[in-house]
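Mind folding the following:
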Amino acid sequence: MLKELNGSNFEEEVLKAEGLVMVDFWAVWCSPCRALSPIVESVATEMDSVVKVCKYDVESDADIPSRYGVMSIPALLFFKNGELVDKSIGLVSKAKLVEKINSLL
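Below you'll find the predicted structure:
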């Protein structure tokens, strides 16, 4: 299941979550973000039992993206038990994304 995030629910959904959480920082106007979206949605469905997948529209609130150094999108940030453990910037294949998630489990 894909969870929509914003400044008000980020802490509860990501920082207080147990296990692995992947946050996709994106924007409607971003072409690579739109290309990555079906990959993120597929991973959210197929790997639901091992990773919580969230999307954060950078247009909704810039505080969280700037706090984590998100300077370009799409940016995938990986949190484990509330701690930032890895990130991926730009368009990535589903195979590479699955590989990264498995390496972080």
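
since we're on residue 76, how many residues are nearby?
Around residue 76 there are 24 other residues, counting by other C-beta atoms under 10 Å. Where C-beta positions appear, they are placed from N, C-alpha and C, glycine not excepted.

ok, it - contacts?
By C-beta atoms under 8 Å, 6 or more residues apart in numbering, the contact set of residue 76 is 22, 23, 24, 25, 40, 87, 88, 89, 92, 97.

So how do I select the buried members of those residues in ChimeraX?
In ChimeraX, a selection of the buried entries from the contacts of residue 76 looks like this (16 or more other C-beta atoms under 10 Å):
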select :22,23,24,25,40,87,88,92,97
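
dump the residue contacts of the residue lying closest to residue 33 once chain neighbours are set aside.
Distances taken as C-beta to C-beta, 6 or more residues apart in numbering place residue 26 nearest to residue 33, at 3.8 Å, with adjacent residues excluded. Applying C-beta under 8 Å, 6+ apart to residue 26 gives the contacts 33, 36, 37, 55, 56, 57, 58, 73, 74.

any idea how far residue 18 is from the second one?
As defined by C-beta to C-beta, to the nearest Å, residue 36 lies at a distance of 26 Å from residue 18.

who has more neighbours, those two?
It is residue 36, of residue 36 and residue 18, that has more neighbours when counted by other C-beta under 10 Å, with 24 against 9.

I figured that one was touching residue 74, is that so?
Yes: between residue 36 and residue 74 a contact is recorded at 4.8 Å, counting by C-beta atoms under 8 Å.
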